[in-house]
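Enquirer: turn this into a model:
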Amino acid sequence: MISKVLIIRANGILCYSKTLYGHDQIDDDFVSGFLTTFLDIAQKIGGGEIKSLNFRNFNIIYSYDDEKFCVFILISDINDLEHELRENLELLKSEFMKRYRNDLINWDSDIAKFEDFDEFVEKRIFIPPKILLVGENGVGKTSIMELFPGDVIVELDNDMNESIQKSIFLQNNDHIITCILKEINIQDTIDKPNIYRQTLDSADIICIITNSGASNLTRTKKLLSILQPLVSRANFYVIANFQDVKMASFDPAKIEDFFALKTYGFSATLNNGKDKIRSIFKEMLNKSTLMLGRS
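Expert: Numbers count the residues shown, from 1 in each chain. Predicted coordinates for the structure are as follows:
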C-alpha cells in the first residue's frame, strides 16, 4: 500500500507531500533533501537514473518528468506489487504536469497552489488495502460482508463459482478511509490456484473465518496448511465467528494457539457487530502495514 507521495523540484525543494497511511513521523523536507542528494551523487558517479530504493520495511520508487522539472516519489509497503506502483506513479506524474506545468516554469516558490492536488491523490493514487475473507461455507463470511451496505461486485470463474467483493469505509484509521473486502471459499483457492492466483497475490490480509466449532477448526487448519505456501505476501489472521454460541465455540485464545495466528473472537449477529468487525480490520491493518518512522 502506498504510504506517502512526494514531489520534489529538481533543485531539491519539496513542493508537494501527502501521507496516505501511517503516522506522519518522517520529516518530508529531510527525505526530499536526502533523495535529491542521493540521486545527484548517483548521476555524477555514472550510475545513471536509479529507479527505486529498497529498504527492509519499505520501498521508494520514483521517476522524473520528461523535462526534469520534478522527481515524483511513492513510498510503499515492502510487499506491494511494483507494476501497480509504477502505473500509479506514471498517473501521478502525468496529472501533476498537466495541471501545474506553467506554474513550474514560472516558479515563484509558492507551494500552496498545489494543495488542491490532494483530492486527485486520495481518489486516484491511493491503492486501498485488500482483505480476503476465506473459509468454508456456512462460517459467516457473507454475514460479515452484509454488515457493510453498498454495491457488491460478483465475479464468476470458468466453472461459475462466484467471489463477492465490496468497498468498505474505515473511520479515523491513520488516513486509510477505504479498503476492499472480498469473500472466497477456502477449498476453491486450493482446488483452483491458477484461477485465484492474482487474487491471492494482490491481498494484503487473508482473514481465515471459522465457526469456532471443533470439526470446522480441524478442517480449516488442514486446508490452511495447504493454502499458506501458495501465498507470497499477505498476512494471515483468524476470526473466530459464532462466539455467541457458548456451548459449541472454543475460546479465541485456544483457537489462536491451535492456528498459531492472531485470532479475534466475533459474532456477526450481535447488535454492535459492524463496529466490532471494523475495529478488528483496523487492528489487522495497523499490525500488517508499515508505519512510517517505525524501524
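
Enquirer: CA only for contacts and neighbour counts going forward, please
Expert: Fine.

Enquirer: list the contacts of the spatially most central residue of the chain.
Expert: Nearest residue to the geometric centre of the chain (CA atoms, centre = their mean): Pro129, 2.7 Å. Residues near Pro129 by CA atoms under 8 Å, 6 or more residues apart in numbering: Met1, Thr178, Cys179, Ile180, Ala203, Asp204.

Enquirer: and which of those residues is nearest Ile164?
Expert: Proximity to Ile164 was ranked across these by CA to CA; first place goes to Ile180, at 10.6 Å.

Enquirer: phi first, then psi, for the closest one.
Expert: Ile180 adopts backbone torsions of phi -100, psi 130, taken as degrees, to the nearest 10.

Enquirer: and what of Tyr237?
Expert: Tyr237 has phi and psi values of phi -140, psi 170 when expressed as degrees, to the nearest 10.

Enquirer: state the distance from the nearest residue to it once chain neighbours are set aside to Ser288.
Expert: Nearest non-adjacent residue to Tyr237, counting by CA to CA, 6 or more residues apart in numbering: Cys207, 4.9 Å away. Distance of Cys207 to Ser288, computed by CA to CA, to the nearest Å: 12 Å.

Enquirer: check Lys254 too.
Expert: From Lys254 to Ser288 the distance is 22 Å (CA to CA).

Enquirer: who's more crowded, those two?
Expert: Legend: neighbour count by other CA atoms under 10 Å for Lys254 and Ser288, higher for Ser288 (16 against 11).

Enquirer: so that one sits against Asn235, correct?
Expert: Yes: between Ser288 and Asn235 there is a contact under CA atoms under 8 Å: 6.5 Å.

Enquirer: identify the contacts common to those two.
Expert: Common contacts of Ser288 and Asn235 (CA under 8 Å, 6+ apart): Asp204, Ile205.

Enquirer: domain map for the protein?
Expert: For the chain, automatic domain parsing gives the domain ranges 2-125, 130-288.

Enquirer: most packed of these?
Expert: A comparison of these by mean neighbour count, using mean count of other CA atoms under 10 Å, puts domain 130-288 on top with a mean of 17.

Enquirer: distance between that one and the chain's centre?
Expert: From the chain centre to the centre of domain 130-288 is a distance of 15 Å (CA atoms, centre = their mean, to the nearest Å).

Enquirer: before we move on, what about stretch 115-130?
Expert: In terms of CA atoms, centre = their mean, the centre of stretch 115-130 is found 13 Å from the chain centre.

Enquirer: average pLDDT for it?
Expert: Averaging pLDDT along stretch 115-130 yields 88.

Enquirer: put the alpha carbons of it into PDB.
Expert: The C-alpha coordinates for stretch 115-130 follow below in PDB (Å, rounded to 0.1, in the frame of the first residue of the first chain):
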ATOM      1  CA  GLU A 115      -2.800  21.800  -2.200                       C
ATOM      2  CA  ASP A 116      -5.800  21.100  -4.400                       C
ATOM      3  CA  PHE A 117      -3.900  18.100  -5.700                       C
ATOM      4  CA  ASP A 118      -4.900  16.200  -2.500                       C
ATOM      5  CA  GLU A 119      -8.300  15.200  -3.900                       C
ATOM      6  CA  PHE A 120      -6.700  13.600  -7.000                       C
ATOM      7  CA  VAL A 121      -4.100  11.700  -5.000                       C
ATOM      8  CA  GLU A 122      -6.700  10.400  -2.500                       C
ATOM      9  CA  LYS A 123      -9.000   9.200  -5.200                       C
ATOM     10  CA  ARG A 124      -6.700   8.000  -8.000                       C
ATOM     11  CA  ILE A 125      -3.300   7.200  -6.500                       C
ATOM     12  CA  PHE A 126      -4.100   5.600  -3.200                       C
ATOM     13  CA  ILE A 127      -4.400   1.800  -3.600                       C
ATOM     14  CA  PRO A 128      -6.900   0.500  -1.000                       C
ATOM     15  CA  PRO A 129      -5.700  -2.400   1.000                       C
ATOM     16  CA  LYS A 130      -7.400  -5.700   0.100                       C
END
